[in-house]
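*Asks:* sequence first, predicted coordinates after that:
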Amino acid sequence: MLFFQSEESLNQWLIAQKASRGATLSIPQVWELSQRWYQDRMSPQYRGRTIQQAQNIFTELGLTSEFWQAV
């Protein structure tokens, strides 16, 4: 995971590294994903998520590109 100050900074890094762009999230998106992903991790009843449960979280957050396809 890499953090960039702006789209311009990201694009400059991609050019310098000769890398292709992957999935990108805004800080609010990262926050919302982390809230949903980790909300119950400390619960003694936590048993992990199924692939479908993970996919549901991604879909609910609008993360629907190929990168986010868990199945």
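*Replies:* Arrived safely. Numbers count the residues shown, from 1 in each chain.
*Asks:* Tyr46 and Asp40 touch, don't they?
*Replies:* Yes: if you go by Cβ atoms under 8 Å, Tyr46 and Asp40 touch, sitting 5.4 Å apart. For every residue, glycine as well, the C-beta is placed using N, CA and C.
*Asks:* quick one, helices of the protein?
*Replies:* Here the chain has its helices, by DSSP state H, at 7-17, 27-38, 51-60.
*Asks:* redo those helices as JSON lines? Include mean neighbour count and distance to Trp68.
*Replies:* What follows is the helices of the chain, written out as JSON lines (neighbours: other Cβ atoms under 10 Å; distance: least, Cβ to Cβ, whole Å):
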{"stretch": "helix 7-17", "mean neighbour count": "11", "distance to Trp68": "18"}
{"stretch": "helix 27-38", "mean neighbour count": "12", "distance to Trp68": "10"}
{"stretch": "helix 51-60", "mean neighbour count": "13", "distance to Trp68": "4"}
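*Asks:* adding distance to Phe67 and mean pLDDT, write the ones you listed out as JSON lines.
*Replies:* Conversion of the helices of the chain to JSON lines gives the following (distance: least, Cβ to Cβ, whole Å; pLDDT from 0 to 100):
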{"stretch": "helix 7-17", "distance to Phe67": "15", "mean pLDDT": "96"}
{"stretch": "helix 27-38", "distance to Phe67": "13", "mean pLDDT": "94"}
{"stretch": "helix 51-60", "distance to Phe67": "9", "mean pLDDT": "94"}
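*Asks:* what about Leu63, neighbour count?
*Replies:* Neighbour count for Leu63, taken as other Cβ atoms under 10 Å: 17.
*Asks:* contacts only, for it.
*Replies:* 23, 25, 29, 33 (Cβ atoms under 8 Å, 6 or more residues apart in numbering).
*Asks:* just the pLDDT at Met1, thanks.
*Replies:* Met1 is assigned 85 on the pLDDT scale.
*Asks:* closest one to Glu8 out of the contacts of Leu63, please.
*Replies:* Ranked by distance to Glu8 (Cβ to Cβ), those are led by Leu25 at 17.1 Å.
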